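Enquirer: Take a look and give me a structure for this.
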Amino acid sequence: MEGNKNIVRDGSPEDGLIDRKEEFIALKESIDLLETERKGNVVIVYGEAGVGKTFLVRSLKDYIEAKGFNWLECICVSRDSEPFSPLKESFSFFAEQRERPYLNLPISIRMLHGKSEFADLDEVFNKSNRTIQRAMDFVEDITHTTPMVIFIEDIHLADKYTLLFIRYLSVNIDNYNLLLICSYRPEDATDNDFLKETMNFMYHRKMYNEIHLKPFGIDHTRSLISSVTGVDPPGYFVELIHQSTDGNPLFMVETLKSMLFNNIINPAEDRYISEMDKIEWPPVVRYTVERKISRLDDPTKNFLQYISVLSSDFSFSLIAEYVNMDEMDVLDIIDKLLDTDILKETDKSEMYRFSHRAVKDILLENQSSNKRRLLHKKAVEAIKTCYKDDLAEHYDILGYHYMSAGLYDKGLEYYHKAARKYEDDNKLEKAIDNYLNMDSLIQKYGISEIDVGDHLERAGELSYKKGRVLIGEGEIEKGREYIERAMNLFERAGIEGRMGECRTYLKDIV
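Expert: Numbers count the residues shown, from 1 in each chain. Below is the predicted model of the structure:
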């Protein structure tokens, strides 16, 4: 199974990690260095929500505790929380856990064991003038005999004093028997000036190592789908999931689980979906996307609503024409959306797309049907103005916008034009897709009065041609699928002779 070589199955702590073995080893080496040289270190793990930062770090917890090290985990929840809030809560819990084995012993022995090092946490972590130094002394005391790993999660939500603690700890990390691991999401830190200042301070003084967790590539997406479904998925489904989620592991896992639970896909029956419109986003994905959108200012949210109706890739010139804004204002908003990872640049110059299909879908759902239709009409006019010199290259996009605006006759007309154009260019798959788009829309909207000509026959002819090409190139199964599709299309079009040819050809290649 292609890609499964990247799933470690040897019973080691990294069991189940996909595309993260290199990062796992880097963290493991920092832990080993702490053991052999008693040398402290700071590691910053960053990446967008859902790429597996917490999962990666927590996968080392058993390894850490097996060495006899102490493990402390903090999570930051609000920049406006009480000073040192995540640290106080975590150290209090740590103290409680340490005291539990001694609760049944006589009081005199319990006192000897000592709760004294944790007795004054409120005094250690407060806003007095000597707070930072007292906190540093406290950490030095509790790590003096036993190494400790502290994991501070989501420092983009840390209060100012927790960030100061991280900064000063990094300056003196060599003096402590400590590995400090921090994680954050860059897209959620764009407005956190104090975090930027802290990171710059530490970066220029080379006070930390960093691990950047990126979304999965196509091969690791295949591995992840295989691990969730238990079977090797077809290529078109892998591409669909990767493209719609941009390789985000959390989005992929939760979406796959939801599709399995709701019987949208059934790998045991080799039943998958091939269209993004059939994806139903689970609650955790919706929450992640809506949280990201909610932090934007109103002009940026309005801008997003406008461009959410555009097709998958859109150019800067089209956006500027469509939203009718000053180009510099458009660039400012686009830069903000790139920083927050809502938009991404494509390989083509000045072309953009939504990082995750879920963002586009959720934005569209939050608009009224009347507003969506109006925006699609505006998109048609913008495309005709922006691309007037090469409009033929955008026929299929115009077909999509016309149909979405409720102008079905114009939509079918442009889908038909696009199919003919792709035929002339010998782009068989694109031509077939446009003919099939016409057919599905005719059925969906019950369109009967519009003359759409020979779309079923043409889709059948091109499918037959494509199938024979694939079989000639040795791709027997894929070619067979095209021939079978052609036979079905000829049957629906009532062309029995061509059906017979398909049937005979299939017998000959058995």
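
Enquirer: Show me the domain layout of this structure.
Expert: For the chain, automatic domain parsing gives the domain ranges 20-212, 218-287, 454-510.

Enquirer: Can you add distance to Ser404, mean pLDDT and mean neighbour count and give the ones you listed back as JSON lines?
Expert: Just so you know, the C-beta spots here come from the backbone N, C-alpha and C atoms, and that holds for glycine as well. Below are the domains of the chain laid out as JSON lines (distance: least, C-beta to C-beta, whole Å; pLDDT from 0 to 100; neighbours: other C-beta atoms under 10 Å):
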{"stretch": "domain 20-212", "distance to Ser404": "29", "mean pLDDT": "83", "mean neighbour count": "17"}
{"stretch": "domain 218-287", "distance to Ser404": "11", "mean pLDDT": "92", "mean neighbour count": "17"}
{"stretch": "domain 454-510", "distance to Ser404": "19", "mean pLDDT": "89", "mean neighbour count": "17"}
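
Enquirer: of all those domains, which lies closest to Ala431?
Expert: domain 454-510 (5.5 Å; C-beta to C-beta).

Enquirer: Now find how far off-centre that closest one is within its chain.
Expert: 38 Å (C-alpha atoms, centre = their mean, to the nearest Å).

Enquirer: separation between Val42 and Lys348?
Expert: 39 Å (C-beta to C-beta, to the nearest Å).

Enquirer: give me the number of residues near the residue nearest to Ser311 when sequence neighbours are not counted?
Expert: Spatial nearest neighbour of Ser311, excluding adjacent residues (C-beta to C-beta, 6 or more residues apart in numbering): Ile397 at 5.0 Å. Look at Ile397: counted by other C-beta atoms under 10 Å, it has 21 neighbours.

Enquirer: How about Ile334?
Expert: Around Ile334 there are 21 residues (other C-beta under 10 Å).

Enquirer: Which pLDDT does the model give it?
Expert: pLDDT for Ile334: 94.

Enquirer: go on, the one 4 residues further on?
Expert: Note for Leu338: predicted pLDDT of 92.

Enquirer: before we move on, back to that, generate CSV for the domains of the chain, with distance to Thr340 as supplementary columns.
Expert: What follows is the domains of the chain, written out as CSV (distance: least, C-beta to C-beta, whole Å):
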stretch, distance to Thr340
domain 20-212, 4
domain 218-287, 14
domain 454-510, 40
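
Enquirer: Leu296 is nearest to which of the ones you listed?
Expert: domain 20-212 (10.3 Å).

Enquirer: Now do that closest one: distance from first to last residue.
Expert: Across domain 20-212, the terminal residues are separated by 10 Å (C-alpha to C-alpha, to the nearest Å).

Enquirer: cool, stretch 290-306 as well?
Expert: 17 Å.

Enquirer: buried sites along that stretch?
Expert: For stretch 290-306, burial by neighbour count (16 or more other C-beta atoms under 10 Å) applies to 292-293, 296, 300, 303-306.

Enquirer: Run through the bridge partners of Leu179.
Expert: Counting by DSSP bridges, Leu179 is bridged to Asn41, Val149.
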